[in-house]
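Colleague: structure for the following, please:
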Amino acid sequence: MRVQIAFDADLRKVGTIIDVPEDQAATMIREGRARPAPTGPKPGATPPKPGRAASET
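Modeller: Sure, this is the predicted structure:
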């Protein structure tokens, strides 16, 4: 499961998205050390224009 680090002694890690096993993710979320990672496209990302090949985008 992908989680986003919400609290860590190393402030550079806060906001980082990591993959962890389901049970570890549940523990981190319950303890407030992480939150579920956002799903879907990244903010500000625009969908590809219709009629263009994937290699051209």
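Colleague: quick one: the residue of the chain most remote from its centre from residue 35, how far?
Modeller: Relative to the centre of the chain, the most outlying C-alpha is that of residue 51, 29.6 Å out, by CA atoms, centre = their mean. Going from residue 51 to residue 35 by CB to CB, to the nearest Å gives 38 Å. (Each C-beta comes from the backbone N, C-alpha and C, glycine too.)
Colleague: with residue 3 instead?
Modeller: Here the distance between residue 3 and residue 35 works out to 7 Å (CB to CB).
Colleague: for those two, indicate the residue with more neighbours.
Modeller: Set side by side, residue 3 and residue 35 give different neighbour counts by other CB atoms under 10 Å, the larger being at residue 3 (20 against 13).
Colleague: so the more buried one, which of the three states?
Modeller: strand (DSSP: H, G, I helix; E, B strand; the rest coil).
Colleague: quickly list what the closest residue in space to it that isn't next to it in sequence is bridged to.
Modeller: Leaving aside its sequence neighbours, residue 3 sits nearest to residue 34 (CB to CB, 6 or more residues apart in numbering; 4.0 Å). Residue 34 has these beta-bridge partners by DSSP bridges: residue 5.
Colleague: residue 34: what's it in contact with?
Modeller: 3-7, 25, 28 (CB atoms under 8 Å, 6 or more residues apart in numbering).
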